[in-house]
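Participant: sharing a model prediction with you, sequence too.
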Amino acid sequence: MKKLRKAQGPSGRQASNRDAELRRAADHYNAGRLDTAAEIYAGLCAREPQDATAWYLAGLVSFHRQRFVEAESQLRTVLAVSGDVAMRCDASIWLSRTLLAQRRAAESCKTLHACAQDVWADAAKLFSLVDPMTRAGGFEELEPLLQRVVALSPTHPGANAELSLFDFRRRDFGEAFRRAALALDQEPQHPAALRVLAHVYHNIGEVKRAASLYRSAIEESLAGRGMTSILACYESMLGALVYADVTDEELRQAHQGWEGLLDLPSRVRKPVFVRSGRPLRIGYMSPDFRHHAVSFFFEPLLKNHDLNVVTPILYSNSMTADHVTERLRGAAAVWRDITSMTDVAVADLVESDQIDILVDLAGYTLGNRMGVFHIRPAPLQVNYLGYPCTTGLTQMDYRFTDEDCDPLGETDVVYTEKLVRLPGGFYAWQPPDEFPEVGSPPALRNGFITFGSLNTLSKLTDEVIALWSGLMQAVPGSRLVLQAEPLGHDWVRQRIIAKFASHGVDRERLDLHKRSVTIVEHLELYNEIDIALDPFPWGGHTTTCTALFMGVPVVTLRGRRMASRMSASALHRMGFDAWIAETPEQYLQIAARLAGDVERLATIRQAQRMVFATSGLMDGHRLARAVEAAYLAIWDHHAGTETT
């Protein structure tokens, strides 16, 4: 609660008495005696109906007493009797909060809009409206307001930092970088600007620098210097650390730190009772029940579930819906839309649905509901599929994986969860609804080898670019195809070109593509690639399965953690262990050897889709039986009826 300053009034007995009353009321307010303060302010307002200060302070006290109707009337009186612009602006901000507390967001925005017109020439006052406008949901008016602040004060750090976030959301990385850097020139530790700069570096593969900037933004925010979305920033930092080559201990400790930022109590674990033959009620929670990489792996499991063994209940946190959403909804026993619900409300819903095992499919990716898992609404909780690392949560009991991605005794130290290794692999992949035929190797018609990667640029670290550049030097005349959404922006393209140029690769050898409009166009691009290159330490999974399905061999560098072992898992299950490198030197040798035998590439391409289809990588029935057996095993173990 904001402390009130003791008013200083003009000379004269009446003014002196009035100021003494204001000071006395402020003392009561600051001591938490709100009822007494309210009585004094009410008396002042009755005696001096034109006293804007008394009405304003009375409105603040009413707000903190949660007397919102009274507060609204008192603050509107300030706007009616005061001609002071600063007073009117402060009253408008508190009035907007009062209206918002009454769920009148549109009126709250309207109040702030009117205030903005009053202070249109005052950069500081205009910027003071940014936070309340954000809280009220006035996002359409927010950017013009910030642009006006910058027009009045071009180097304003706060406004430039906020505008840089708008630029980033539009994927205008160059302008976002420029504005964030400008804000940091004026205020070197501005949390919001640090966060945006981190976002930009993260999206172009400079993940270590991004992680450091995220950490600085979090530290500044915790020290009380701004930025409300500390949890979201922390989750971005975790994503950057998974992309980076950090130690197992650093990665685990960083993930464990997320829970310490959460102001939510955990609930006592509910007892696990003997099943007595009933199906287990399994809750799946995800923001990605739509056309998304996770759904390519989740749908084969869901549609093959034995409903005599499990009852699947889906909790969707997706803000969009499409034909995949409808298919998943149709395969679920129960569908719950949780997008507008708080973590506590979702936890209550999970409890009322009597979920036995709650399964997280997101980890710390965008739209996650890890707060629900921290609360622990289900007797057992499992992390699976959507995130290649630990959650660090004390309330997350298990993580489903396999021996290829997490060899026994080698990676357990990374996880706080107990690992359950599914036989035959932890996933099955479902191809898109539409896909083109596999073409012949482009080298046959081009006369040169084309390497390619359609992974996100976040995975193209400096180490990856250095290794790939060395490969292109070893294979004269070869070219490299890259496709990623940020490559549609010239600033990003120039940075990527410059990185390869620093290793001796000319611009003419790079084919840079922005994201395809349709999935078929995306898949067609594989027909322009002879050999797919897997990045590291976070390699591909969806992109690897897609490339293999399209007949393109994939070369991968197997690392020590799951994020760098998923491609190796797919290749092993297809019998292509020869394409798995254990060192960067082997990576170069394998790729160069493939590039030197175009006829072999043609033979591989003709047969690879059939090999993929018969390898078990698309066997949802096998996966469903393995996952169901794991559910039964962990449930029976906790119920004390484990038999094996």
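Facilitator: Structure received.
Participant: just the pLDDT at residue 222, thanks.
Facilitator: With respect to pLDDT, residue 222 scores 89.
Participant: how close does the nearest residue to it once chain neighbours are set aside get to residue 220?
Facilitator: Among residues not flanking residue 222 along the chain, residue 230 sits closest, at 6.8 Å (C-beta to C-beta, 6 or more residues apart in numbering). The C-beta positions use only the backbone N, C-alpha and C, and glycine is treated the same way. Counting by C-beta to C-beta, to the nearest Å, the gap from residue 230 to residue 220 is 10 Å.
Participant: dump the residue contacts of residue 349.
Facilitator: Contacts for residue 349 (C-beta atoms under 8 Å, 6 or more residues apart in numbering) come out as 315, 336, 338, 341.
Participant: what do you get if the cut-off is 7 Å, keeping everything else the same?
Facilitator: Residue 349 is in contact with residue 336, counting by C-beta atoms under 7 Å, 6 or more residues apart in numbering.
Participant: phi, psi of it?
Facilitator: Torsion angles at residue 349 (phi, psi; degrees, to the nearest 10) stand at phi -60, psi -40.
Participant: ditto for residue 485
Facilitator: Residue 485 adopts backbone torsions of phi -60, psi -40, taken as degrees, to the nearest 10.
Participant: count the residues that sit near it.
Facilitator: For residue 485, the count of nearby residues is 15 (other C-beta atoms under 10 Å).
Participant: residue 516 is in contact with that one, correct?
Facilitator: No. Checked against C-beta atoms under 7 Å, the pair residue 485 and residue 516 is beyond contact range at 9.8 Å.
Participant: where does this structure have its least confident helix or strand?
Facilitator: helix 13-30 (a mean of 83; mean pLDDT, DSSP states H and E).
Participant: can you list the buried residues in the following helix or strand past it?
Facilitator: Where DSSP states H and E defines the elements, the next helix or strand beyond helix 13-30 is helix 34-47. Counting neighbours by 16 or more other C-beta atoms under 10 Å, one finds that the buried residues in helix 34-47 are 34, 36, 37, 38, 40, 41, 42, 44, 45.
Participant: just the residues you listed now: which is nearest residue 261?
Facilitator: residue 34 (30.5 Å; C-beta to C-beta).
Participant: just to revisit the earlier point, residue 230 and residue 220: who's more crowded?
Facilitator: A count of neighbours by other C-beta under 10 Å puts residue 220 above the other of residue 230 and residue 220, at 22 against 17.
Participant: where does this protein have low pLDDT?
Facilitator: 1-15, 226-228, 641-644 (pLDDT under 70).
Participant: would you point out which residue is most central in it?
Facilitator: The residue lying closest to the centre of the chain (C-alpha atoms, centre = their mean) is residue 366, at 2.5 Å.
Participant: please name the nearest non-neighbouring residue to it.
Facilitator: Excluding the flanking residues, the one nearest residue 366 by C-beta to C-beta, 6+ apart is residue 287, at 6.7 Å.
Participant: do residue 192 as well
Facilitator: residue 161 (4.1 Å).
Participant: circling back: for the residue nearest to residue 366, what are its contacts?
Facilitator: Taking C-beta under 7 Å, 6+ apart, we find residue 287 in contact with 317, 318, 362, 366, 367, 368.
Participant: surely residue 532 forms part of a strand?
Facilitator: Yes. Counting by DSSP: H, G, I helix; E, B strand; the rest coil, residue 532 is part of a strand.
Participant: how much space separates it from residue 244?
Facilitator: For residue 532, the distance to residue 244 - C-beta to C-beta - is 23 Å.
Participant: count the neighbours of residue 49 for me.
Facilitator: 11.
Participant: cool, and residue 229?
Facilitator: Neighbourhood size, residue 229 [other C-beta under 10 Å]: 15.
Participant: and it, how far is that from residue 56?
Facilitator: Between residue 229 and residue 56 the computed distance is 30 Å (C-beta to C-beta).
Participant: same deal with residue 246?
Facilitator: 52 Å.
Participant: who has more neighbours, the two?
Facilitator: Shown here are residue 246 and residue 56; by other C-beta under 10 Å, residue 56 has more neighbours (22 against 17).
Participant: hmm, that one is touching residue 88, no?
Facilitator: No. Residue 56 is beyond contact range of residue 88, at 9.6 Å (criterion: C-beta under 7 Å).
Participant: can you point me to the longest helix in the chain?
Facilitator: Determined from DSSP state H, the single longest helix within the chain is helix 620-639.
Participant: what sits closest to residue 36 if chain neighbours are left out?
Facilitator: Among residues not flanking residue 36 along the chain, residue 28 sits closest, at 4.4 Å (C-beta to C-beta, 6+ apart).
Participant: hang on, I meant residue 292
Facilitator: Nearest to residue 292 is residue 324, by C-beta to C-beta, 6+ apart, at 7.6 Å.
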